[in-house]
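**Student:** Need coordinates for the below:
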Amino acid sequence: MNGSNVMNAMEQIAPLDYACDWDNVGLLIGSPKWSGSPIMLTIDLTHEVLEEAIEKKVKFIVAYHPAIFEPMKTLTDQNTKQQIALAAARAGISVYSPHTALDAAPGGLNDWLVEGLGSGDVRALDVYEAQPESEQCKIVTFCPPNAADSLRNSLASVGAGKIGDYELCSFETPGRGTFLGGESSNPSVGEKGVLERIEEVRLEMVCSAKSLALAVMSLREFHPYEEPPIEIYPLQKKPMRNIGIGRRIVLDQPFSLAEIVKRIKAQLGIDYLLATHGQNAPRKFRTIGLCAGAGGTVLDEAIKQGCELFFTGEMRHHDVLSAQARGCTIILAGHSNTERGYQKILQKKLRKALPKAKVLISRADVEPIQPV
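**Tutor:** Purely as a prediction, here's the structure:
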């Protein structure tokens, strides 16, 4: 078993396409060809975690937070991040980060946080938008009904008309077209100089951007008309309601702040939270927003979607004041407190996907900020 097996398993759990544009995810240190077991899970890759991994002969580390985030112009031993990267490579340990891909994924970190609150209608706050490469645009032409099959086949031969596992996908609409050929024209049907009305079909097929030039060339080559009508439309990405950063849940039944706090503590396995009441806050809360880690980036969207309470790890002081003034109650649990409990879930998922692999959770990885 090598690193590529672990990477493939992680891709099934949290596809890297789900990650935020600003993030740095995937294999950050090492090679897919290096050994992939034992595997160690950690939130942060610190010196202590790496020493533990070396001692336990770990070969692949899944570090939730990226071990390399800011660009490096050098790779020396002059700062902590570079020291850890060098030491991991020297020990033959690959390091992979899922980060916001795991936040956004169905059954990922944010969905795990939702489970602790109760049942209800759940959706992502910042919805992920997907666009398969084969559906980036649509190419449309108009032709005689008896030419539709040959044009459909010619377009499909250059990659058009592919939707998921289906090929030759198209749509035909019957109608009537008109044209008036000029003196130098040579129409394949009708006569030049006469306004012709002919039965046609509108043929539509999706197409990738990279195949578009070939599709246009194919239409020109196989279309029976001297001047083939060709229309091209860019397609929008499709929003995926259950994928994205943050979650909004409309509870089946509302709960008091005390009950919500109790449920969050139980889900995270911690004894304390920080909270501030929004102005004119309700006695019981039904619509709740949440985001693992630092969720300030989706706070405005949560309030816009009617969240009466917002739960996250940490938030800027002025964002808390802003939320409070707008009537939104805030609960803060500590950044990695909202993430660490999911490690056991990820361990089970990897063990199921890789039954021959040994999957460990780091003991040296702890919440860096502790109450005193």
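**Student:** where does Gln78 land on pLDDT?
**Tutor:** According to the prediction, Gln78 has pLDDT 86.
**Student:** Equivalent analysis for Glu367, please.
**Tutor:** In this model, Glu367 is scored at 87, pLDDT.
**Student:** okay but it is in contact with Ser336, surely?
**Tutor:** Yes. Glu367 is within contact range of Ser336, at 5.4 Å (criterion: C-beta atoms under 8 Å). For glycine as for every other residue, the C-beta is placed from the backbone atoms N, C-alpha and C.
**Student:** Compare the two and say which one has the larger neighbour count.
**Tutor:** Set Glu367 next to Ser336 and count neighbours by other C-beta atoms under 10 Å: Ser336 wins out with 21 against 15.
**Student:** so what's the more buried one closest to, chain neighbours aside?
**Tutor:** Nearest residue to Ser336, sequence neighbours excluded (C-beta to C-beta, 6 or more residues apart in numbering): Ile43, at 5.0 Å.
**Student:** mind listing the strands for the stretch 1-150 of the chain?
**Tutor:** 26-29, 39-42, 60-63, 94-97, 120-130, 137-143 (DSSP state E, counting those that start in this stretch).
**Student:** Rebuild these as JSON lines, extending it with mean neighbour count and mean pLDDT.
**Tutor:** JSON lines is the format used below for these (neighbours: other C-beta atoms under 10 Å; pLDDT from 0 to 100):
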{"stretch": "strand 26-29", "mean neighbour count": "19", "mean pLDDT": "98"}
{"stretch": "strand 39-42", "mean neighbour count": "26", "mean pLDDT": "98"}
{"stretch": "strand 60-63", "mean neighbour count": "27", "mean pLDDT": "98"}
{"stretch": "strand 94-97", "mean neighbour count": "26", "mean pLDDT": "98"}
{"stretch": "strand 120-130", "mean neighbour count": "17", "mean pLDDT": "96"}
{"stretch": "strand 137-143", "mean neighbour count": "20", "mean pLDDT": "97"}
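**Student:** right, so of these, which gets closest to Pro15?
**Tutor:** Counting by C-beta to C-beta, Pro15 lies closest to strand 120-130 out of the strands of the stretch 1-150 of the chain; the figure is 9.7 Å.
**Student:** Adjacent strands (with direction) for that closest one?
**Tutor:** strand 238-256 (antiparallel) (DSSP bridges).
**Student:** What residues sit buried inside the strand it pairs with?
**Tutor:** Buried residues in strand 238-256, counted by 16 or more other C-beta atoms under 10 Å: 240, 243-249, 251, 254-255.
**Student:** coming back round to it: wait, which of the strands of the stretch 1-150 of the chain is closest to Gln343?
**Tutor:** strand 39-42 (5.0 Å).
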